[in-house]
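Novice: Take a look and give me a structure for this.
(chains A and B)
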Amino acid sequence: MIRLGALAVGLLFVLNVLWGAVQPREAEAPNMAEELHKHPKQMVWAHNGPGNLGIFGTFDRAQLQRGFQVYKEVCSACHSINRVAFRDLADLGYTEAQIKTIAAEYEVATIDSNGEPTTRKATGADKFPLVYANEAAARAAQNGANPPDLSLMTKARHDGVNYVYSLLTGYSDDVPKGWNKPETSYYNPYFHSINIAMPPPLAADGQVTYADGTAATTDQYAKDVTAFLTWTAEPKLENRKETGVAVILFLIIMTGLGYLSYRKVWADVKKA
Amino acid sequence: MSFPWAKQYQPTSAVGQWMDERLPLARFVYGALGPGYPTPKNLNAFYNFGVLAGVALVIQIITGVVLAMHFAADTRVAFDSVEHIMRDVNGGWMIRYMHAVGASFFFGVVYIHIFRGLYYGSYKPPREVLWMLGLVIFLLMMATAFMGYVLVWGQMSFWGAQVITGLFSALPVVGPSIQTWLLGGFSPDNATLNRFFSLHYLLPFVTFGVIILHVWALHIPGSNNPTGVDVKSEADTVPFHPYYTAKDFVGLGVYLIVFAAFVFFMPNSLGEPDNYIPANPLSTPALIVPEWYFWPFYAILRAFTSDFLGVPAKLWGVIGMFASILLLFVLPWLDQSPVRSNNYRPLSRILFWVFVAVALGLGVCGGKPAHEPWVRLSQVLTAYYFAHFLIILPIVSKLEKTSPLPNSISEAVLAKYGKTGGGAPVAQPAE
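Specialist: All right, here's what the predicted structure looks like:
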């Protein structure tokens, strides 16, 4: 009885989905954006360590500082890194005094002794302030676009680290024939919708002057700021990988000893 | 509830004796996981995954309790509190990554555990209730995982909550009201987040309770084994401790190494990047997909694209998705073969591997956008999924000619190690 019922129910489901499968499909309009879209360029990163495997490897402190400089001089005009506190910059190798100086360049909201809203200089304990008070203000100032906060950007996109680098270096003037690009947008095949509202931020070599003599090229800027944004998204990355190596070494030894005792315990059964 | 040759607990101290007469806790553990639980001696590595699933749950509970100390269930700050855990709480990144990766691993080991049960016929008499309790645990896990994913309050959390609760709106007449009731509003909002947090904290303990019943039900007939042949004598078994405690410990070590590799070197590889974007009710993600462990069921949900017998396609999808799990409850009565293990069922064994391929294929389809060829492929695979359990298995199990079974577990073990030619069961010396 139960099997007859199952047969009936089974036929019901099978005929149902197969009926759906043989229905004609509306021809999907060719999606040109999908064809033009490119996967991120695969780059080698200091924090990925030997073989770019991501097992060992630490951030290059000098690169992070250069990346921070690019962020500050270029990106920060429109993009915040609101989840990062000034005190976190100590990870980049800045001293307490340097952090104080950097923080003091920013104003944050507070109230005065009369309870009236005012602003004060930021301190190490503050987060990097928002560039725009809210989304409406951002869109009003940015021609309808809303520049996202960059704190988590390298984790918020597929293959995010390579994605950020590719996007920054992926602008092109060769718009393919038949592709509709509005006047206010730019062509960038690494962006999901190809047309991006952000103008090429790293436009020319020499745009940012590095103090350490590193080549001031747009490609170098893109690498450095991507490394910096990898750090803002995953500030505990080095700690995580160091811990991981120790944990796995411990587990391998533990499992090895466990295997030896297993062999010993089972010796009489296996022989039987 | 055990075999007559099971060792009995003997208190070795006066204190132990005193306690044993009042609360025989040590006796209970001795009989459940100790030398007092005779276990088939031929269990292979796949029999390790029950213990691993238990460990995975304990990892989830411990890390989850710690996360709850720092998490704030309020839509305005939930996402921020998760980032606070990642950046400012000591070791918070590790606890959170263990919890997030741990959910994936919990499902991974449970899927292997389920497929092991399917292959070796562990759902067959006298283990039907054991099997059904396992399915209850699986359903509880799915509910818990879904609600936990929403707590992060990222884009995929929000839209996942919207889509999954939206399934209930497909029910006729009462559907929309049920969705509103589940969400505590007309779209996912603070009421949703708070109730999901409450239930996400509650359900793991309910799961733990059902696991106790599951293990209890296991101990009545004892473990199945790769031959599927019943335990006949003491020669077929070894005491759980130290034999399987030692073996499970090795398996646990291997499991933890793989787990740690993900937690420490690729913690985000199993998750959707979109969930690192704070929830935005005004911006729908291009592709709403659940975590990988729901993909096969998501594919079944989306495979029903035509109205059929006057029932709308959306409702069929919901019915199909729930039916795909619920039908497993009657599996013990659909499979009529008296032989448990697929090692001795040549035709069923092939069908088992076809089913594995179909389930994996559904998983691939479920993670893809709802375009061709993925929709048609998932429709064909869905048809096979239902046909496998409801049509093919009942018929094949009735008709197929099974291979001869070994007379006992120890005979099978000896044959495998090439020590004897089989035939009559080996005489068992009294201990």
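
Novice: Could you pull up phi and psi at B:Phe76?
Specialist: Small correction: residue B:76 is Arg, not Phe. Taking degrees, to the nearest 10, you get phi -70, psi -30 for the backbone angles of B:Arg76.

Novice: And the one 5 residues further on, by the same measure?
Specialist: B:Ser81 has phi and psi values of phi -70, psi -30 when expressed as degrees, to the nearest 10.

Novice: Chain A versus that one, what's the distance?
Specialist: 12 Å (Cβ to the nearest Cβ, to the nearest Å). (C-beta placed from N, C-alpha, C; glycine too.)

Novice: Excluding chain neighbours, what is closest to the closest residue to chain B within the stretch 51-200 of chain A?
Specialist: For the stretch 51-200 of chain A, the nearest residue to chain B under the criterion Cβ to the nearest Cβ is A:Ala156, separated by 3.9 Å. Closest residue in space to A:Ala156, ignoring its immediate chain neighbours: B:Tyr276 at 3.9 Å, by Cβ to Cβ, 6 or more residues apart in numbering or on different chains.

Novice: next one: B:Phe262
Specialist: The spatially closest residue to B:Phe262, leaving aside those adjacent along the chain, is B:Val101, at 4.8 Å (Cβ to Cβ, 6+ apart).

Novice: same thing with B:Ile288?
Specialist: Leaving aside its chain neighbours, B:Ile288 sits nearest to B:Trp159 (4.8 Å; criterion: Cβ to Cβ, 6+ apart).

Novice: for B:Leu309, phi and psi?
Specialist: Backbone torsions of B:Leu309, given as degrees, to the nearest 10, read phi 50, psi 40.

Novice: For the helix or strand bottoming out on mean pLDDT in chain A, buried residues please.
Specialist: The helix or strand of chain A with the poorest confidence is helix A:32-36; it has a mean of 88 (mean pLDDT, DSSP states H and E). Residues of helix A:32-36 classed as buried under the neighbour-count rule (16 or more other Cβ atoms under 10 Å in any protein chain shown) are A:Leu36.

Novice: For the residue nearest to B:Phe262, which three-state class applies?
Specialist: Under the three-state scheme (DSSP: H, G, I helix; E, B strand; the rest coil), B:Val101 adopts helix.

Novice: again with B:Pro221
Specialist: Under the three-state scheme (three-state DSSP), B:Pro221 adopts coil.

Novice: residue ranges of the helices in the stretch 151-300 of chain B, please?
Specialist: All helices of the stretch 151-300 of chain B, identified by DSSP state H, counting those that start in this stretch, fall at B:155-168, B:175-183, B:190-219, B:245-265, B:295-303.

Novice: residues touching whichever residue of the stretch 101-250 of chain A sits closest to chain B, list them.
Specialist: Among the residues of the stretch 101-250 of chain A, A:Gly244 lies closest to chain B, at 2.4 Å counting by Cβ to the nearest Cβ. Under the criterion of Cβ atoms under 8 Å, 6 or more residues apart in numbering or on different chains, the contact list for A:Gly244 reads A:Ile55, B:Ala260, B:Ala261, B:Val263, B:Phe264, B:Phe265.

Novice: Distance of the last one relative to B:Leu252?
Specialist: The span separating B:Phe265 from B:Leu252 equals 20 Å under the rule Cβ to Cβ, to the nearest Å.

Novice: and what of the first one?
Specialist: Going from A:Ile55 to B:Leu252 by Cβ to Cβ gives 23 Å.

Novice: Equivalent analysis for the second one, please.
Specialist: Computed with Cβ to Cβ, the distance linking B:Ala260 and B:Leu252 is 12 Å.

Novice: neighbours of the spatially closest residue to A:Ala125 that is not a sequence neighbour, just the number please.
Specialist: Leaving out its chain neighbours, the residue that sits closest to A:Ala125 by Cβ to Cβ, 6+ apart is A:Arg87, at 6.2 Å. Burial of A:Arg87 is recorded as 17 neighbouring residues (other Cβ atoms under 10 Å in any protein chain shown).

Novice: How about A:Thr217?
Specialist: With other Cβ under 10 Å as criterion, A:Thr217 counts 14.

Novice: Chain neighbours aside, what residue packs nearest to it?
Specialist: If you skip the residues right next to it in sequence, A:Thr217 has A:Asp205 as its closest partner in space, 4.8 Å away by Cβ to Cβ, 6+ apart.

Novice: ditto for B:Gly317
Specialist: Take B:Gly317 and drop its neighbours on the chain: the residue closest to it by Cβ to Cβ, 6+ apart is B:Phe304, 4.1 Å away.

Novice: hang on, that neighbour packs against B:Ala313?
Specialist: Yes. Under the criterion of Cβ atoms under 8 Å, B:Phe304 lies in contact with B:Ala313, with a separation of 5.1 Å.
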